[in-house]
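*Asks:* sequence and predicted structure are below.
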Amino acid sequence: MPVEVTVSTAELADAFGVSDRTVRDLAARGVLPRVAPGRFDLRASVRAYAGHLREQAAGRGNGDGAAMTELSAERLREARERADKIALANAKARGEMVLAADVEKAWSEILRDVRARMLAVPARVRARLGHLTHTDGAIIEQEVRDALQGAADAA
């Protein structure tokens, strides 16, 4: 039968690698059994603390299982959000990503230029093909405008 070895709060804290306050809090919550004020049975405390850590890892700690699971989930979500934020910042710094507003501005400029060039086509065709009548030019212009309107409606 093993001999009972008692240790102080400070000795137990040192053995567990935690603060004295943590040991006192665990004892106050009934996780660690005291044998006297400020004294703990080393073997029983190690078993109790190991069991407590298993419960915490399983998300069932001391009746607060739902709260611990929710807290763990919230911490995980927060960690993922921080990781996403860092990944986005890195992608932007490498030039792999641009702001949507910048893309929209660039495309607006490109499409304005395409529209202006398309609207100039009927006049250029009339100038190059001198035999076209005014009606022919009007038909070409209307076709270009209809095509532009169709593209705008599709967007």
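*Replies:* Here it is on my side, so go on.
*Asks:* need the contact list for residue 119.
*Replies:* Counting by CB atoms under 8 Å, 6 or more residues apart in numbering, residue 119 touches 141, 144, 145, 148. Using the backbone N, CA and C atoms, a C-beta is placed for each residue, glycine as well.
*Asks:* which of these count as buried?
*Replies:* With burial judged by 16 or more other CB atoms under 10 Å, the buried subset of the contacts of residue 119 is 141, 144.
*Asks:* let's check: the centremost residue of this structure is which one?
*Replies:* Closest to where the C-alpha atoms of the chain average out (CA atoms, centre = their mean) is residue 81, at 2.7 Å.
*Asks:* what does the pLDDT read for that residue?
*Replies:* Predicted confidence (pLDDT) at residue 81: the value is 94.
*Asks:* what helices and strands are in contact with the one helix or strand residue 12 maps to?
*Replies:* Element membership for residue 12, per DSSP states H and E: helix 9-16. Identification of packing neighbours for helix 9-16 by 3 or more CB pairs under 8 Å, 6 or more residues apart in numbering; DSSP states H and E yields helix 20-28, helix 42-58.
*Asks:* at 7 Å what do you get?
*Replies:* On a contact count with 3 or more CB pairs under 7 Å, 6 or more residues apart in numbering; DSSP states H and E, helix 9-16 meets helix 20-28.
*Asks:* continuing past the lowest-mean-pLDDT helix or strand in the chain, what's the next helix or strand?
*Replies:* For the chain, counting by mean pLDDT, DSSP states H and E, helix 65-93 ranks last in confidence among helices and strands (a mean of 83). Using DSSP H and E, the helix or strand that follows helix 65-93 in sequence is helix 100-128.
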